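Q: predicted structure and sequence below. I'll ask about it afterward.
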Amino acid sequence: MTRRQIALTFILIVDVAYIAWGAAVAIAPDHVLGPGGKAILPAGFEGYSGAAWSALAPVSAGYMAVLYRLYGTYCVLFGFMGSAIAVTAFRRGERWAWWTLLAGNTVALVAAMTYDKFVNAIGPFELTEYLGLLLVWAAFAITRPTLNLRPVMKQTTIAVVVLAAALIAAPAAAQTHPKLHVNPKWKQCSIQLDPSLTQSAWRQFTQEAGQVVYFRPLADAQPMGRGKFEVSLMQWQTNVDEHDSAWNDTFVHPDSTHWLYEGSGLQFPGLAFRAGLSSRSDVGVYFTKNFEANYGAYGVQLQQNLIRHGTRNWDVSARASFTSLFGPADVDLNVYGVDVVTSWKQWTYGRATLVPFAGVSSYLSRSHENSAVVNLTDESVAGVMGTVGAALQFSVVRIAAEASMSKVPSIAMKVGFGR
């Protein structure tokens, strides 16, 4: 199969799935399963409101079902239009079709992910949206070098990524803060387990904390080269929900109004160093510590280039990483990860070089509690993340940004220097 045929297959998988899901919702919304084995409409209502679906007035429930059927109908229309464009204009290699399908599928899938997070209804089925987004971006990545796009089109790529990141980072509706656990020992929110922490919340914390501390080098697939190095300041934000028991019952606060974070996500800074070991192998380390709290993290990562300057400047690399949380007496957390990242044709503007990249990461987060106030079993939770980003190099300056799609989305950026 050619790259265009592979891309066409990926797009049709996603858009035909839109048709199938939308038709099911339009015909029988009460029989489409959502998280926890519940029907998708009650699951979303209960996740958003905290009230029972059965307590809703029948006329209100009926009206919501009508709206959801309309939503399903729109999904069917979107899927048909996307499929029609894919098998005609996209198959012929027309530029407008490439950009239309990229923007349309990205906005549609990210909007659906944002809705799932907004109503706190994310289950195994909802996670297929992340897989769909990966398939879509993979389809356009492997066909991008074959197109003779004008420079103005590059701005559209940036706009799509910014729009996706904005939707992912959209804050949820105002919620009532839970009662905070207070310990004035530290000036900032610190990790200390509360007796009310349950096993399910502990498992959720294990998975989401694994994403928070995960080693993100914000680098493309090109090897650095022997003797090259980079030192960077990094900042990432993971959109965990501080209202969840997984986070409220694992942290203590300086006072009763000092929330875990301000804004829409938990921010985590870090210092990273990367160096080239050989023409194809790189090593990276990172460290972070909140000196006004009781926790920090460190990590190490090895990157091996698999495809160097392939067809049309195509690079593919694999990474293996280990990250560990340190400091809290109550919690041990280690994260093991494997990434596959690809980057393609560079764009050069004078002395500046911009390299877009995308990747998929699988990780295993393992936790152990040492607290005297709870008795929880160890957890080992696997997860998957998809990432898209871009790295800019100007002389010795390095700037990069990326957005990651997973159960809890995140955005990250770095600023550094190297040679």
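A: Yep, that arrived.

Q: can you pull the buried residues of stretch 242-261?
A: Within stretch 242-261, the residues scored as buried using 16 or more other CB atoms under 10 Å are 242-254, 260-261. Every C-beta, even on glycine, is put in place using the N, C-alpha and C of the backbone.

Q: can you list which of these are found in helices?
A: Applying DSSP state H to those, the entries found in helices are 245-248.

Q: closest to residue 386 among these?
A: Using CB to CB, residue 246 is the member of these that sits closest to residue 386, with 22.3 Å.

Q: which residues are in contact with that closest one?
A: 201-202, 204-205, 208, 240 (CB atoms under 8 Å, 6 or more residues apart in numbering).

Q: can I get the ones in helices among the buried residues of stretch 242-261 in JSON lines including distance to residue 213 and pLDDT?
A: Output for these, formatted as JSON lines (distance: CB to CB, whole Å; pLDDT from 0 to 100):
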{"residue": "245", "distance to residue 213": "20", "pLDDT": "93"}
{"residue": "246", "distance to residue 213": "15", "pLDDT": "94"}
{"residue": "247", "distance to residue 213": "14", "pLDDT": "95"}
{"residue": "248", "distance to residue 213": "19", "pLDDT": "94"}
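
Q: which of those sits closest to residue 227?
A: Checking those against residue 227 by CB to CB gives residue 247 as the nearest, at 42.8 Å.

Q: what helix or strand is residue 220 on?
A: Using DSSP states H and E, residue 220 sits in no helix or strand.

Q: excluding its backbone neighbours, what's nearest it?
A: residue 343 (3.6 Å; CB to CB, 6 or more residues apart in numbering).

Q: does the one you found touch residue 141 like I think?
A: No. Using CB atoms under 8 Å, residue 343 is not in contact with residue 141; the gap is 9.2 Å.

Q: so which of the two has more stuff around it?
A: Using other CB atoms under 10 Å, the more surrounded residue of residue 343 and residue 141 is residue 343, with 23 against 20.

Q: partners of that one in the sheet?
A: As for beta bridges, residue 343 partners with residue 315, residue 357 under DSSP bridges.

Q: how close does it sit to residue 359?
A: Going from residue 343 to residue 359 by CB to CB, to the nearest Å gives 9 Å.

Q: can you list residues touching both of the two?
A: residue 221.

Q: nearest to residue 51 among the ones in helices among the buried residues of stretch 242-261?
A: Taking these together and measuring to residue 51 by CB to CB, the closest member is residue 245, at 18.4 Å.

Q: about what we covered before: quick one: common contacting residues for residue 343 and residue 141?
A: Residues touching both residue 343 and residue 141 (CB under 8 Å, 6+ apart): residue 358.

Q: and stretch 249-268, end to end?
A: End-to-end distance for stretch 249-268, by CA to CA, to the nearest Å: 19 Å.

Q: then stretch 188-202?
A: End-to-end distance of stretch 188-202 (CA to CA): 21 Å.

Q: one more: stretch 321-336?
A: Length of stretch 321-336, first residue to last, CA to CA: 6 Å.

Q: same thing with stretch 261-269?
A: With CA to CA as the measure, the ends of stretch 261-269 fall 13 Å from one another.

Q: mean confidence score for that stretch?
A: Mean pLDDT, computed over stretch 261-269, is 76.

Q: can you confirm residue 408 is in a strand?
A: No. Using DSSP: H, G, I helix; E, B strand; the rest coil, the assignment for residue 408 is coil, not a strand.

Q: quick check, pLDDT for it.
A: pLDDT at residue 408 comes out at 84.

Q: for it, give its distance to residue 109.
A: Distance, residue 408 to residue 109, using CB to CB: 16 Å.

Q: ok, back up a step: okay, among the contacts of residue 246, which ones form the most distant pair?
A: The widest separation within those (CB to CB) is 14.3 Å, between 202 and 240.

Q: domain assignment for this structure?
A: Following the assignment in automatic domain parsing, the chain carries domains at 3-168, 190-418.

Q: could I get those as CSV with distance to residue 183?
A: Converted to CSV, those look like this (distance: least, CB to CB, whole Å):
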stretch, distance to residue 183
domain 3-168, 27
domain 190-418, 4
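
Q: go through those and find the least confident stretch.
A: Mean pLDDT is lowest for domain 3-168 among these, at a mean of 78.

Q: how far does that domain sit from its chain's centre?
A: Remark: domain 3-168 is offset 16 Å from the chain centroid, using CA atoms, centre = their mean, to the nearest Å.

Q: now the helices for this protein?
A: Ranges of helices within the chain are 3-27, 40-49, 58-85, 91-92, 95-118, 128-143, 152-168, 199-213, 245-248, based on DSSP H.

Q: C-alpha coordinates for stretch 363-382, CSV please?
A: Provided in CSV are the C-alpha atoms of stretch 363-382 (Å, rounded to 0.1, in the frame of the first residue of the first chain):
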residue,chain,number,x,y,z
TYR,A,363,3.7,4.0,30.4
LEU,A,364,3.4,2.0,33.6
SER,A,365,2.9,3.9,36.8
ARG,A,366,3.5,1.9,40.1
SER,A,367,2.7,3.2,43.6
HIS,A,368,3.2,2.1,47.1
GLU,A,369,1.8,3.8,50.3
ASN,A,370,3.7,4.0,53.6
SER,A,371,1.1,5.8,55.6
ALA,A,372,-0.2,4.7,59.0
VAL,A,373,-3.6,6.2,58.4
VAL,A,374,-4.6,4.0,55.4
ASN,A,375,-4.2,0.4,54.3
LEU,A,376,-4.1,0.4,50.5
THR,A,377,-2.7,-2.2,48.2
ASP,A,378,0.0,-1.3,45.7
GLU,A,379,-1.2,-0.2,42.3
SER,A,380,0.3,-0.7,38.8
VAL,A,381,-1.6,1.2,36.1
ALA,A,382,-0.8,1.3,32.4
